[in-house]
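>>> the following comprises the amino acid sequence and a computationally predicted model.
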Amino acid sequence: MTIRLVLAGCGNMGYAMLSGWLKSAKLEPQAVFVVEPNAELRQRAEHLGCRTAAEASAIPANAVPDLVVIAVKPQVIREVTAQYKRFGDGRTSFLSIAAGTPVATFEEILGELAPVIRCMPNTPAAIGKGMMVVFSNPLVSDDVRRFVAELLSASGVVTAIDDEGLMDAVTAVSGSGPAYVFHFIEALTVAAEKAGLPAETAKLLALQTVFGAASLAAEADEEPGVLRQQVTSPNGTTAAALGVLMGGDRLTKLVTEAVEAARLRSIELGK
Ligand SMILES: NC(=O)C1=CN([C@@H]2O[C@H](COP(=O)(O)OP(=O)(O)OC[C@H]3O[C@@H](n4cnc5c(N)ncnc54)[C@H](OP(=O)(O)O)[C@@H]3O)[C@@H](O)[C@H]2O)C=CC1
Ligand SMILES: O=C(O)[C@@H]1CCC=N1
C-alpha cells in the first residue's frame, strides 16, 4: 500500500497523535511509515499495524508521502529534518509539532519548495480530547490544509492562527497545560489525604472533581467565574478556601508566572 504519512518520532506525543488518527479511521495503518530508533516504541506502532524502521533511510526509495510528521525533541530537530530533505520538492508537506522551532528552520533545511505546517498539540489528543493549534506557510495548499485539519480533528479541537509569534504562548498554555492540570490533581489528592481521607478515596475525589468541573465548564452556558460563584455560599466552606487561593490574586499570579516561564523556554528552544 502507498505510504501517505511518515511519522518521525513515536514517543509520547507522536504516539498519542498516531493512535488518535488510526482509532478514528482517518488513515489506514498500512499507509503509515513510522521512523523511531527505540525498539520498544517501534513495537507499539507495529501493534497498531504500521510499517516501522529505526532510520529514515529505510523508507522505500519510490515513496512520495502526502505528509511527513516531525515529532522529535527540539534539540534534534535540525539533524532529523535533514534526513527528509529528499521529500522537499513540494509534493510532500511537513507537519512539525516541536516546541519553539519556527517554520523558517524547516524552510532553511528543506528548501524553498516545502509546504510546512507547525502544530502545537497536547497529550489528551490520545483520547480525541486534544487542543491542536496550527500555523502554515503560504506553500501549503488548500487541499493539504483540509487533509491536515481533518486528520487533526480526530485528535480533538483544531484552530489555526496566522501570527506565528503567538505559538510560544500557545505552547505555554495548551501544549504544556495538561501537566499543570495533572499537577493540580496531584496537589488536591495530597490535600485530601492530609484532611484524613484514605489514599484511594482521595485520588477518586480529586480526579472526578477536576473531570466534572472541566466538563461542566465546557457544557454550561455560564462563564467559569459564574460557575465558581454558584459553588460559593456566602461565608461558607468554598469562600474559606477561595480566600486562600484568590487572596492577593495568589493563584492567578502563580499560574501567570508559570505560563511565562514556559513561553520563555519555548522561545529559547527555537534558537
Ligand atoms: N509531550 C508533550 O506533551 C508534547 C510534546 N510536543 C513536542 O513533541 C515533540 C516530541 O516530544 P515527546 O513526544 O514528548 O518526546 P519523546 O522523547 O517522547 O519522543 C521523541 C521520540 O523521537 C525519537 N527519535 C530520536 N531521534 C529520532 C530520529 N532520528 N528519527 C525518528 N525518531 C527519533 C526519540 O528516541 P530517543 O528517545 O531514543 O532519542 C523518541 O522516542 C517535541 O518536539 C515536543 O516539543 C508538543 C506538544 C506536547
Ligand atoms: O515540555 C515540552 O517542552 C513539550 C512542549 C509542550 C509540552 N511538552
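Here it is on my side, so go on. Ligands and ions are numbered 1, 2, ... in the order given.

>>> and the closest residue to ligand 2 within the stretch 101-250 of the chain, how many residues sit next to it?
Nearest residue of the stretch 101-250 of the chain to ligand 2 (CB to the nearest ligand atom) works out as residue 175 at 3.4 Å. Heads up, the C-betas are built off the backbone N, CA and C, glycines and all. Counted with other CB atoms under 10 Å, residues neighbouring residue 175 total 25.

>>> so it touches residue 119, yeah?
No. Residue 175 lies out of contact with residue 119 (CB atoms under 8 Å); the separation is 9.9 Å.

>>> from the contact counts, what lies against the helix or strand residue 192 falls within?
Element membership for residue 192 (DSSP states H and E) is helix 177-194. The contact analysis (3 or more CB pairs under 8 Å, 6 or more residues apart in numbering; DSSP states H and E) places helix 177-194 against helix 199-219.

>>> next secondary structure element downstream of the helix it packs on?
Once the chain leaves helix 199-219, the next helix or strand it forms, by DSSP H and E, is helix 224-231.

>>> now the element after that following helix, going C-ward?
Per DSSP H and E, the first helix or strand lying C-terminal to helix 224-231 is helix 237-246.

>>> hey, C-alpha coordinates of that next one in PDB?
Listed next in PDB are the C-alpha coordinates belonging to helix 237-246 (Å, rounded to 0.1, in the frame of the first residue of the first chain):
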ATOM      1  CA  THR A 237     -16.600  26.400  53.100                       C
ATOM      2  CA  THR A 238     -15.700  27.400  49.500                       C
ATOM      3  CA  ALA A 239     -15.300  31.000  50.400                       C
ATOM      4  CA  ALA A 240     -12.900  30.000  53.100                       C
ATOM      5  CA  ALA A 241     -10.800  28.000  50.500                       C
ATOM      6  CA  LEU A 242     -11.000  30.700  47.800                       C
ATOM      7  CA  GLY A 243      -9.800  33.200  50.300                       C
ATOM      8  CA  VAL A 244      -6.500  31.300  50.300                       C
ATOM      9  CA  LEU A 245      -6.300  30.700  46.500                       C
ATOM     10  CA  MET A 246      -7.600  34.100  45.400                       C
END
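
>>> got a list of contacts for that helix?
When contacts are defined by CB atoms under 8 Å, 6 or more residues apart in numbering, helix 237-246 is touched by residues 228, 231, 232, 233, 250, 251, 252.

>>> ok and it relative to helix 177-194, angle-wise?
130 degrees (axes from the mean of the first three to the mean of the last three CA atoms, to 10 degrees).

>>> now helix 237-246 against helix 224-231, angle please.
Using the same axes, to 10 degrees: helix 237-246 against helix 224-231 is 140 degrees.

>>> how far does helix 237-246 sit from its chain's centre?
32 Å (CA atoms, centre = their mean, to the nearest Å).

>>> after it, next one along is what?
helix 250-269.

>>> what sits against residue 68?
By CB under 8 Å, 6+ apart, the contact set of residue 68 is 5, 6, 8, 84, 87, 92, 93, 94, 95.

>>> biggest separation within these, which pair?
Greatest spacing in these, by CB to CB: 8 and 93 (13.7 Å).

>>> which strand is the longest one in the protein?
Scanning the chain for the strand with the most residues, using DSSP state E, yields strand 130-136.

>>> okay, now the nearest residue to residue 271 once chain neighbours are set aside: neighbour count?
Setting aside the residues directly before and after it, residue 271 is nearest to residue 100 in space (CB to CB, 6 or more residues apart in numbering), at 7.8 Å. Counted with other CB under 10 Å, the neighbours of residue 100 add up to 18.

>>> okay, now the domains of the protein?
5-167, 177-269 (automatic domain parsing).

>>> which of those has the highest mean neighbour count?
Ranked by mean neighbour count under mean count of other CB atoms under 10 Å, the domains of the chain are led by domain 5-167, which reaches a mean of 18.

>>> got the end-to-end distance for it?
When the termini of domain 5-167 are compared using CA to CA, to the nearest Å, they are 24 Å apart.

>>> quick check: angle from the helix holding residue 192 to helix 199-219?
Relative orientation of helix 177-194 versus helix 199-219 (the same axes, to 10 degrees): 140 degrees.

>>> tilt between helix 177-194 and helix 250-269?
Angle, helix 177-194 to helix 250-269, by the same axes, to 10 degrees: 140 degrees.
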